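# What shape does this take:
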Amino acid sequence: MSKQLTHETDASRYTLVIDGQLAAVADYRINGDAISFHHTFTQPNLRGRGLAGEVVEFAVDDVEKTTDLTVVPMCWYVGDWFSAHPERSALLAR
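Numbering: from 1, shown residues only. You can find the predicted model right below:
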């Protein structure tokens, strides 16, 4: 099984592709000095495997490493991800 995590800047999303097929997505919008993650999606036949968590972690890591943006978790899943990873809360917009 081959997995590829990608930041598709033109589409304002982070993706996880497994064996050539789109598996999970985290969509965002940039608003000033913040990035709002407003939607995550996992293909129904692949749910329950932690794939959305992988793409969100990749996205948060990328935001932290390559920008000075704060994160606004508009999507419930991203909010839950931050609740499960309190060590990353410094990235959240206040």
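
# Every contact and neighbour count from this point should use C-alpha atoms.
Will do.

# and the residue positioned nearest the centre of the chain, backbone torsions?
By CA atoms, centre = their mean, the chain has its centre lying nearest to V56, at 2.8 Å. Geometry field for V56 lists phi and psi as phi -70, psi -40, criterion degrees, to the nearest 10.

# and the residue in the chain sticking out farthest from the centre, what is it in contact with?
In the chain, counting by CA atoms, centre = their mean, M1 sits farthest out from the average C-alpha position, at 21.2 Å. M1 makes contact with I18, D19, according to CA atoms under 8 Å, 6 or more residues apart in numbering.

# T6 in helix, strand or coil?
Here T6 is recorded as strand under DSSP: H, G, I helix; E, B strand; the rest coil.

# partner residues bridging it?
Here T6 shows beta-bridge partners T15, assigned using DSSP bridges.

# Kindly provide the distance from it to V71.
Note on T6: its distance to V71, by CA to CA, to the nearest Å, is 18 Å.

# which of those two has more neighbours?
For T6 versus V71, the count of surrounding residues by other CA atoms under 10 Å is larger for V71: 24 against 16.

# Surely that one is within a strand?
Yes: secondary structure of V71, determined by three-state DSSP: located in a strand.

# Hmm, it is touching H38, no?
No: contact criterion CA atoms under 8 Å: V71 and H38 do not qualify, at 10.7 Å.

# which residues in the chain form strands?
Secondary structure of the chain, counting by DSSP state E: strands at 3-8, 13-18, 21-31, 34-42, 70-73.

# Which residues does the shortest one contact?
Residues outside strand 70-73 that contact it (CA under 8 Å, 6+ apart): D33, A34, I35, S36, F37, H38, G79, L91, L92, A93.

# The same query, at a cut-off of 10 Å, please.
Surrounding strand 70-73, the residues in contact under the criterion CA atoms under 10 Å, 6 or more residues apart in numbering are 28-39, 60, 63-64, 78-82, 89-94.

# Alright, that wraps it up for me.
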